[in-house]
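S.K.: A structural model of the following input is requested.
(one chain, ligands or ions: 1)
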Amino acid sequence: MAAEPGTSEVRRQHRFDQGSLERYLGSHLPGFPRQPAGVLNVRQYSSGQSNPTFYLQKGGQAFVLRKKPHGPLLPRAHKVDREYRVQKALFSAGFPVPEPLLYCSDVSIIGTEFYVMQHVQGRIFRDLSLPEVGPAERSALYLAMIETLALLHSFDLQSLGLQGYGRGPGYCKRQVSTWKKQYDAAAHTDIPAMNKLAEWLANNLPPDDNEETLIHGDFRIDNIIFHPTEARVLAVLDWELSTTGHPLADLAYTTQFYFWPTSIKNLGQGSILGLKDTIETPSFEELISIYCRCRRITTTLSNFNFFLALSYFKMASIAQGVYARYLIGNASAENSHEFAKIVKPLAERGLELSKRSSFSSTQRSVSGELFHQSRKGQEILLKVKQFMKQHIYPAEKEIVKYYTEHKNAEDKSKKPPLLERLKELAKAEGLWNLFLPDVSGLSQLDYALIAEETGRSVIAPEVFNCHAPDTGNMEVLHMYGTEEQKKEWLEPLLEGKISSCFCMTEPDVASSDATNMQCTIERDGNSYVINGKKWWSSGAGNPNCKVAIVMGKTQNSSASRYKQHSMIIVPMDTPGLKLIRPLSVFGYMDEVHGGHFEIHFNNVRVPVSNIILGEGRGFEIAQGRLGPGRIHHCMRSLGAAEAALEILCQRAAQRETFGKKLYQHEVVAHWIAECRLSIEQARLLTLQAARKIDTLGNRRARKEIAMTKVVVPRTVLKVIDCAIQVCGGAGVSQDFPLAFMFVYIRTLRLADGPDEVHLSTIARWELLDQSKKLTAKI
Ligand SMILES: Cc1cc2nc3c(=O)[nH]c(=O)nc-3n(C[C@H](O)[C@H](O)[C@H](O)COP(=O)(O)OP(=O)(O)OC[C@H]3O[C@@H](n4cnc5c(N)ncnc54)[C@H](O)[C@@H]3O)c2cc1C
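M.R.: Next up, the predicted model:
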């Protein structure tokens, strides 16, 4: 038979009954050739120190078998059943792993448990410097590796069906203790650096040690099969150490070779572990930056020294274990005796790395150099992401269920208690009122990326007190309110004690031209008296809604069209204010957002001190209110688009029609690509608008704001529509959030002004810009 590269004859200590295996596979593995009998060829892979791995060939078909080693084993190690389980889940989700074909727990067949997987034909690079390829290809291969790692870390455990796969929060703590125990069990001499490193790690555990992401545990380039000619990952191998835990542990392990001690060289026939200085590879910073960008996380990586130190500790402990197995004649590689020499230098390097304080990547902004996110912005974004994972996603279903169950009940006036608890928690963590630059210290650009994150969940904006219409109303009071108005209304809004609504649109006139507004605000002595009808007042059904900001005409018909209207504060319990009816949105009552109400004002009297900024200043305030608010809406919507695309891809990787996975149908693959293109373009436009607000102010960013307001809802609708299509009937059902998302985003093409009005604004500004260019030329 043609020798499989990297294999040799089966080593004496790993031999098993090949006839028994052949008979078993013949009757249990579909497609395994039964005839002729007795011709199964078995060879052993030389690399790998743990579970012996074999190449099987019969009748032109090739498979790979992995089994437990014989003899006494370290506790919790060599669990081939777990490897099989995780590969199965990942393969179904479309992640590149060899297809697992069969697991056998019957030790009578070959003496231990084993599993068989598809044999993947491709390239494995044993020397991490990849000397056999040119610099461009080397970079591309490294890039493909790190993108694959980021992809692995982006999976949701539940959708993989891997709940309970790991051992819960506290991964880093357990790692330190596990590798310490394994080292102690295998140690034959005392190495003080190992003990010191173990102590440092135990005393410097990262504060976010509750992360539960699927991690590989041994992710490095020589555990990857690349396409024979392309820089593409075909399969990630060796899932023995996979579990759930902190993803940065994997990242540190994958990149630790950048810091490899020069005293440790090639280890015989095993992998070449250090990078050669003379060969160009992408820099450590580049890889980190790409990883962070793929995962859309901050590039600051404040605790990375811990994870690198942990990696070296783990390597040292593994090396000691390999040597211990060699001493009892049970190591799977031939060069196992050399591993004793590397334990000390590895531990010393780990100690050195523990002292380094910063590992930021070169590219500081999540979206590259173009849009610089401040350090504070990055930190808060990271905290928000963690909060979402830890508290919001798990609570989402229960809170939405509460709204559904209470929509017709007597106690409709109560907010879900769990929502109130989450708000308290977010406030305590300082994740509160992030939308208001003067309060949060964040720029619009910083907040834009945070708003996107919160937009992935329907309940998140309210949990962080960053939800419309309260945000817009708080902005108005903050920018234009008097000290008394701020004390009475802004403070409780900022504290989240009350909520509010905004009343501009009217049922009887086309309100996209707000100068049509008929509601009157007339001065009468020390009061203003309000008469008129409003509708689409969002949030008015919220039990905490205590105040409305109402826009109406202050009867000065001699003034210009844009100076006749004013805004005024109206407490919701003022006599004459009546909630007439809630309006449905595509049949939904939208309780989550406090409903949308028609409200009538019948001789509603409030003190003159309730006017905001002064008579005739309504349009001026509206401009200031809606500028940043629109960007926040758009960014939140992009979060919804990301969530929809995630659902689309997961579904496309799970379901099959006409003999192939949905994503393998080209039309679906193209939808996926088109969605990604559109989201990226829309995000760039949104960030551009946010930056312009930061640098030039709301007024001069008007054109970009209007462009964003048109582009983003259209884009997001398209993505959600594709996701619905891929999900089939399920996509429009209550089992998926897509139908609700579609409805909500569709309204954004009307709310805050319909597309057509914004398009007219864009055209006007464009013509003005062009005319300026023309004048400059003349
Ligand atoms: C879910 C939801 C929540 C909302 N929340 C609020 C809120 O909290 N407070 C509030 O005051 N309002 C709110 N609105 C109202 C929203 O802002 C208005 O619906 C919107 O401004 C359009 O006004 P209109 O409905 O009167 O449409 P109209 O003014 O009657 O316009 C109808 C259509 O005419 C077309 N049109 C208008 N102008 C032009 C033009 N110049 N060129 C070409 N075509 C044009 C557009 O296609 C437009 O959709 C909300 C609306 C929805 C759906």
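S.K.: dig out what Lys578 forms beta bridges with.
M.R.: When assigned by DSSP bridges, Lys578 has beta-bridge partners His600.
S.K.: show me which residues of the chain sit near the ligand.
M.R.: Near the ligand, the residues belonging to the chain are 469, 502-505, 510-512, 536-538, 585, 596, 747, 750-754, 756-757, 760 when assessed by CB under 6 Å from any ligand atom. For every residue, glycine as well, the C-beta is placed using N, CA and C.
S.K.: among those residues, which lie within helices?
M.R.: Counted as lying in helices by DSSP state H, out of the residues of the chain next to the ligand, are Thr747, Glu756, Val757, Ser760.
S.K.: of those, buried ones?
M.R.: Listed as buried from those are Thr747, Val757; burial here means 16 or more other CB atoms under 10 Å.
S.K.: so Ile225: helix, strand or coil?
M.R.: Following DSSP: H, G, I helix; E, B strand; the rest coil, we place Ile225 in the strand state.
S.K.: who's in contact with it?
M.R.: With contacts defined as CB atoms under 8 Å, 6 or more residues apart in numbering, the neighbours of Ile225 are Pro98, Val120, Gly122, Arg123, Ile124, Val233, Leu234, Ala235, Leu237.
S.K.: of those residues, keep whichever come out buried.
M.R.: Applying a neighbour-count criterion of 16+ other CB under 10 Å, the buried members of the contacts of Ile225 are Pro98, Val120, Arg123, Ile124, Val233, Leu234, Ala235, Leu237.
S.K.: quick one: which of those is nearest the ligand?
M.R.: The ligand lies nearest to Val233 out of these, by CB to the nearest ligand atom, at 44.0 Å.
S.K.: that closest one contacts Ala144, correct?
M.R.: Yes. At 5.2 Å, Val233 and Ala144 qualify as touching, with contact defined as CB atoms under 8 Å.
S.K.: what do the two both touch?
M.R.: Residues touching both Val233 and Ala144 (CB under 8 Å, 6+ apart) are Phe226.
S.K.: which two among the contacts of Ile225 are spaced furthest apart?
M.R.: Pro98 and Arg123 (14.6 Å; CB to CB).
S.K.: returning to that earlier point: now, the buried ones among the contacts of Ile225 that are in helices?
M.R.: Checked against DSSP H, the buried ones among the contacts of Ile225 include nothing in helices.
S.K.: CSV for those, including pLDDT and distance to Leu613?
M.R.: Output for the buried ones among the contacts of Ile225, formatted as CSV (pLDDT from 0 to 100; distance: CB to CB, whole Å):
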residue, pLDDT, distance to Leu613
Pro98, 97, 67
Val120, 96, 68
Arg123, 94, 68
Ile124, 92, 69
Val233, 94, 59
Leu234, 96, 64
Ala235, 97, 64
Leu237, 95, 66
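S.K.: narrow the residues you listed to those in strands?
M.R.: Val233, Leu234, Ala235 (DSSP state E).
S.K.: residues in a beta bridge with the first one, which ones?
M.R.: Pointing back at Val233 there. Beta bridges link Val233 to Phe226 when assigned by DSSP bridges.
S.K.: where does the stretch 1-150 of the chain have low pLDDT?
M.R.: Flagging of the stretch 1-150 of the chain using pLDDT under 70 yields the residue ranges 1-2, 48-49, 72-77, 136.
S.K.: tell me where it has helices.
M.R.: Using DSSP state H, counting those that start in this stretch, the helices found in the stretch 1-150 of the chain span residues 18-28, 80-92, 107-110, 135-154.
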